[in-house]
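> no FASTA, just this:
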């Protein structure tokens, strides 16, 4: 008996819960009991399946895997959470590439805002950056296909592709629409760079939080301690985030061990489910340097964890523009066929309990970029006053 026929039997008998998870308790009739206080009515599911099978002329052409994937996507979509997404094996590959820090594509970080697919930030020196993509651009189409209703992974799967091939993005910027053609290339996510400016200021540029950042930051911290630096500017502008644990590591370099970096919580405001995440024993610590931080609209997620921790624990001045406001944590769960579920499991708050999700972090000194990086100039000015 084929998998599809087995599925028919399951659905008709209202035993479809085996599709969803193992270990469910299956009750009599059309109810499936998960625990004494919860039940799922699968009668509608079996009715729709039967109608599709009997009436739709293309049903027999449907791949068995796609049928199951469709059911899963329906469950996930019911949450209306743009960050909780089912990923087939092909799309799961993209997530793993992000973590490794290298992939083939155009070099933009994207997010969902008010139902629109927006550019959080183009990555410097990538094809997207060179083609003129800017933070805040709304992506309307990808190769002529509307992005209406897309989740982030839908867009990623269409934008990425082999080096040398072209992708055309239809964007909206300041109310005007245009198309931008971009030739894909190998994208290496930048790690940690730093230099001495103004004779004794260590300017650290951190563009992403991928796997290699913790190692590279340890090296940079040691070099800074051996340098002439007497103060630090941490630049997180355009940094869209990355791995949660890496953000904890980076914040820890600037904080005393056991200081609270962030507060994890369940549903927003559920204080009884809070868990404080503490600074770790990284080395070498650089807590004794005066510090200011730069952010903008492209600073998101892990960047916001670091900024919130430094301001709440060290009263670190924050300069730039209000950050993006992604205050949720996703974990990637691998599934049996190579697919995966990227699942929102927690929200994070600043150490003082301030909500980040949907609000972002407001700078202490709001400053536009300007023509000559006025944000950096302001950071230098503020640092000189406090060091």
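That came in fine, so what should we check first? Being a predicted model, the structure only gives us computed values, none of them experimental.
> Residue 146: what's its closest spatial neighbour, skipping adjacent residues?
With sequence-adjacent residues excluded and distances taken as Cβ to Cβ, 6 or more residues apart in numbering, residue 146 is closest to residue 140, at 6.9 Å. C-betas here are computed from N, CA, C, even on glycine.
> actually residue 138, not the one I wrote
residue 172 (4.3 Å).
> pLDDT on stretch 93-105, on average?
Average pLDDT, stretch 93-105: 70.
> picking that back up, other SSEs contacting the helix or strand where the residue nearest to residue 146 lies?
Using DSSP states H and E, residue 140 sits in strand 138-142. Strand 138-142 sits against strand 116-122, helix 152-159, strand 166-173, with contacts defined as 3 or more Cβ pairs under 8 Å, 6 or more residues apart in numbering; DSSP states H and E.
> chain center to that strand, what's the gap?
19 Å (Cα atoms, centre = their mean, to the nearest Å).
> Quick check: what element follows that strand along the chain?
Downstream of strand 138-142 (by DSSP H and E), the next one is strand 145-146.
> Let's test this: mean pLDDT of that next one, rounded?
For strand 145-146, the mean confidence score works out to 96.
> A strand includes residue 353, no?
No. Checked against DSSP: H, G, I helix; E, B strand; the rest coil, residue 353 lies outside a strand; its state is coil.
> Quick one: neighbours of it, just the number.
Residue 353: 12 surrounding residues under other Cβ atoms under 10 Å.
> Help me confirm that it comes into contact with residue 260.
No. When contacts are counted by Cβ atoms under 8 Å, residue 353 is not listed as touching residue 260 (10.0 Å).
> returning to that earlier point: now distance to residue 183 and mean pLDDT too, for the helices and strands packed on strand 138-142, in a markdown table please.
Output for those, formatted as a markdown table (distance: least, Cβ to Cβ, whole Å; pLDDT from 0 to 100):
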| stretch | distance to residue 183 | mean pLDDT |
| --- | --- | --- |
| strand 116-122 | 14 | 86 |
| helix 152-159 | 12 | 86 |
| strand 166-173 | 5 | 97 |
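> Can you say which of the ones you listed is packed in most?
Among the helices and strands packed on strand 138-142, strand 116-122 has the highest mean neighbour count (mean count of other Cβ atoms under 10 Å), at a mean of 22.
> Quick check: the residue nearest to residue 146 vs residue 150, distance?
10 Å (Cβ to Cβ, to the nearest Å).
> Which of the helices and strands packed on strand 138-142 sits closest to residue 308?
The closest of those to residue 308 is strand 116-122. By Cβ to Cβ, the value is 17.8 Å.
> Now do the closest one against strand 166-173, angle only.
On the basis of axes from the mean of the first three to the mean of the last three Cα atoms, to 10 degrees, strand 116-122 is oriented at 110 degrees to strand 166-173.
> List the contacts of strand 116-122.
By Cβ atoms under 8 Å, 6 or more residues apart in numbering, the residues outside strand 116-122 that reach it are 107-112, 128-129, 133-139, 147, 150, 152, 155, 171, 238-240, 297-298, 300, 324.
> Take these and keep only those in helices.
Taking DSSP state H as the definition of helices, these contribute 128, 129, 152, 155.
> what's the closest of those to residue 194?
residue 129 (20.7 Å).
> Isn't that closest one up against residue 107?
Yes. Residue 129 is within contact range of residue 107, at 6.2 Å (criterion: Cβ under 8 Å).
> any common contacting residues for the two?
Contacts common to residue 129 and residue 107, judged by Cβ under 8 Å, 6+ apart, are 122, 123.
> helix, strand or coil for residue 103?
On the basis of three-state DSSP, residue 103 is classed as strand.
> farthest-separated two in the ones in helices among the contacts of strand 116-122?
Longest distance between any two of these is 19.3 Å, between 129 and 152; criterion Cβ to Cβ.
> closest one to residue 316 among the helices and strands packed on strand 138-142?
Closest among the helices and strands packed on strand 138-142, using Cβ to Cβ: strand 116-122, at 21.7 Å.
> That closest one to strand 138-142, inter-axis angle?
Calculated by the same axes, to 10 degrees, strand 116-122 forms an angle of 110 degrees with strand 138-142.
> For stretch 324-344, which residues meet the burial criterion?
324-330, 339-344 (16 or more other Cβ atoms under 10 Å).
> Hmm, I typed the wrong one, I wanted stretch 346-361.
Residues of stretch 346-361 classed as buried: 346, 347, 348, 349, 350, 351, 355, 356, 357, 360, 361 (neighbour count, 16+ other Cβ under 10 Å).
> My assumption is that the last one lies in a strand; please confirm.
No. The assignment for residue 361 by three-state DSSP gives coil, which leaves it out of any strand.
> Where do the strands of the stretch 1-150 of the chain begin and end?
25-26, 31-35, 38-41, 85-87, 102-105, 108-113, 116-122, 138-142, 145-146 (DSSP state E, counting those that start in this stretch).
> In TSV: these, plus distance to residue 204.
Shown next, in TSV, are the strands of the stretch 1-150 of the chain (distance: least, Cβ to Cβ, whole Å):
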stretch	distance to residue 204
strand 25-26	54
strand 31-35	49
strand 38-41	49
strand 85-87	32
strand 102-105	22
strand 108-113	19
strand 116-122	17
strand 138-142	30
strand 145-146	39
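> wait, which of the ones you listed is closest to residue 49?
Among those, if distance is taken as Cβ to Cβ, the winner is strand 38-41, at 14.2 Å.
> which residues touch residue 184?
104, 105, 106, 127, 160, 161, 162, 163, 164, 165, 166, 167.
> Out of those, the closest to residue 208 would be?
Within the contacts of residue 184, proximity to residue 208 (Cβ to Cβ) peaks at residue 105, which comes in at 13.8 Å.
> Do I have it right that that closest one meets residue 187?
Yes. Counting by Cβ under 8 Å, residue 105 does reach residue 187; the two are 5.3 Å apart.
> which stretches of this structure have low pLDDT?
1-40, 94, 96-102, 267-272 (pLDDT under 70).
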